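K.L.:
Give me coordinates for this.
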Amino acid sequence: MNFDTKSQSLILGERLDAPEVSCSWKMLEQIPQKCRVDASHLSVADGAGLALLWSLSRRKGAEVTGLRPEIAALLRPFDDLPEKPADAPGRDKSLISQLGRVSWAMLKDSREQISFIGELFSTGFLSLMRPGSIRWNDMWCIAQKAGVDALVVAGMVSFLTGMIMAFQAAVPLRQFGVDIFVVNLVALALLRELGPIMTAVVLAGRSGSAFAAEIGTMKVNEEINALETMGLDPMRFLVVPRVLAGLLVTPVLTIYASVLGVAGGFAVMMAQGFPFAALWNQLVSAVGPTDVMTGMIKSFVFGVLVAGVGCLRGLQTGTGASAVGASTTRAVVSGIFLIVVVDAIFAGIFYVLKW
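P.N.:
This next block holds a predicted model:
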């Protein structure tokens with residue numbers, strides 16, 4: 001193409017494709033307004049060429065002549081296209097609108113959670129009816145990562161918590177001469193409440209976030225879509241093994257953490273001169289089967305909760321580089337929040353049942 005300065009007209013060549021347009025676009029931006037464009041020699045035009053013709057006719061006001069009918073037909077759908085895209089409507093920042101958006105997001109998330117719970121229980125029940133359909137090898141590998149690899153962290157947290165509780169309770173109880181009852185306080189608190197909660201929080205930070213990151217990465221890389229294309233149910237293929245692993249390892253970790261927490265309390269009391277036999281007798285007299293069962297029931301529910309929330313947030317992962325990080329954060333925050341909510345519900349139920 002070339003520009004005739006005498007006639008103030010632009011003469012196009014036979015081709016107007018991407019390579020030609022990329023070389024000539026900046027030059028064409030310098031031509032005067034409302035010039036004449038001779039397209040009688042133009043025979044080939046791709047999307048870039050059509051964009052250039054539209055820009056010349058709409059933004060420059062050029063008169064395009066000699067255009068072949070088949071090329072002119074390709075430009076007709078863009079006749080009503082505005083020269084400048086309309087500005088997006090400003091987002092209402094009033095308090096009511098923000099409350100509405102937050103409420104709608106919470107309702108939508110609640111609906112997805114209810115749907116996920118129903119699908120999980122349905123798929124899990126059918127999988128247990130057909131054990132051969134469960135990927136047991138993956139389940140045991142996940143259980144090892146979520147359970148065995150968490151022994152050190154869960155054990156240290158519980159042992160130190162037991163020591164802290166013993167140190168804090170020893171001083172006020174000693175004022176009444178009943179500091180031997182520190183064993184009762186530490187044991188009951190760990191077996192009924194702190195043992196299951198601390199174990200679940202550790203799993204939410206380690207395993208729940210890992211589940212969300214793994215499934216979220218698969219979602220971003222479109223591996224979930226590939227599984228569905230091959231006829232594999234992501235719920236059975238990815239979620240069920242992780243939930244079963246969480247269901248199995250959480251009670252074991254809870255027992256382990258509770259025992260180490262009580263051992264931490266014993267260590268503090270023995271350092272203060274109490275014999276092991278006296279502490280043991282106090283523990284046996286204070287703790288009953290109901291206390292142990294209370295913590296175990298909570299641990300089963302917390303295990304399913306942490307694993308399920310991690311998988312749900314992974315499946316909800318959007319697109320983009322930050323989507324996986326956002327899903328991981330949501331998995332940890334949601335997991336810890338739901339642990340506290342469910343524990344409060346259990347507290348009310350056990351109070352009514354006088355457990």
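K.L.:
if you average pLDDT over the helix or strand harbouring N137, what comes out?
P.N.:
According to DSSP states H and E, N137 maps onto helix 136-146. Helix 136-146 shows a mean pLDDT of 89.
K.L.:
wait, what's in contact with the spatially closest residue to R236 that is not a sequence neighbour?
P.N.:
Excluding the flanking residues, the one nearest R236 by CB to CB, 6 or more residues apart in numbering is T123, at 5.2 Å. For every residue, glycine as well, the C-beta is placed using N, CA and C. Contact analysis of T123 by CB atoms under 8 Å, 6 or more residues apart in numbering lists 233, 235-236, 239-240.
K.L.:
any idea how far F276 is from V183?
P.N.:
The gap separating V183 from F276 is 11 Å, by CB to CB, to the nearest Å.
K.L.:
Compare the two and say which is more crowded by neighbours.
P.N.:
With neighbours defined as other CB atoms under 10 Å, V183 and F276 compare such that V183 has more, 26 against 10.
K.L.:
For the nearest residue to the more buried one once chain neighbours are set aside, grab the count of nearby residues.
P.N.:
Distances taken as CB to CB, 6+ apart place Q282 nearest to V183, at 4.5 Å, with adjacent residues excluded. Neighbour count for Q282, taken as other CB under 10 Å: 18.
K.L.:
G216 now?
P.N.:
Neighbours of G216 under the rule other CB under 10 Å: 27.
K.L.:
now do T317
P.N.:
T317 has 23 nearby residues by other CB under 10 Å.
K.L.:
how would you label it: helix, strand or coil?
P.N.:
Classification of T317 using DSSP: H, G, I helix; E, B strand; the rest coil returns coil.
K.L.:
Now do the strands in the stretch 1-150 of the chain.
P.N.:
Counting by DSSP state E, counting those that start in this stretch, residue ranges of the strands within the stretch 1-150 of the chain are 2-4, 9-11, 15-16, 36-38, 44-45, 63-65.
K.L.:
per-residue confidence averaged over the first one?
P.N.:
Going back to what we said before, that points to strand 2-4. For strand 2-4, the mean pLDDT works out to 64.
K.L.:
and if you look at the second one?
P.N.:
The predicted model gives strand 9-11 an average pLDDT of 71.
K.L.:
Mind giving me the packing neighbours of that strand?
P.N.:
Counting contacts by 3 or more CB pairs under 8 Å, 6 or more residues apart in numbering; DSSP states H and E, strand 9-11 is packed against strand 2-4, strand 36-38.
K.L.:
Also the third one?
P.N.:
Helices and strands touching strand 15-16, as assessed by 3+ CB pairs under 8 Å, 6+ apart, comprise strand 44-45, helix 47-58.
K.L.:
partners of that strand in the sheet?
P.N.:
Sheet neighbours of strand 15-16, with direction, are listed as strand 44-45 (parallel) (DSSP bridges).
K.L.:
Give me the below-cutoff pLDDT ranges for the stretch 201-350 of the chain.
P.N.:
Counting by pLDDT under 70, the stretch 201-350 of the chain shows no low-confidence range.
K.L.:
Against G162, how distant is the residue nearest to V183?
P.N.:
Distance of Q282 to G162, given as CB to CB: 15 Å.
K.L.:
again with G246
P.N.:
24 Å.
K.L.:
before we move on, back to that, who touches both of V183 and F276?
P.N.:
What both V183 and F276 touch, as defined by CB under 8 Å, 6+ apart, is the set F266.
K.L.:
give me every residue that touches V342.
P.N.:
The neighbours of V342, taking CB under 8 Å, 6+ apart as the test, are 298, 301-302, 305.
K.L.:
whoops, I mixed them up, L188
P.N.:
286-287, 291.
K.L.:
so where is the stretch 51-200 of the chain shaky, pLDDT-wise?
P.N.:
For the stretch 51-200 of the chain, the stretches with pLDDT under 70 are 58-61, 78-93.
K.L.:
All set now, cheers.
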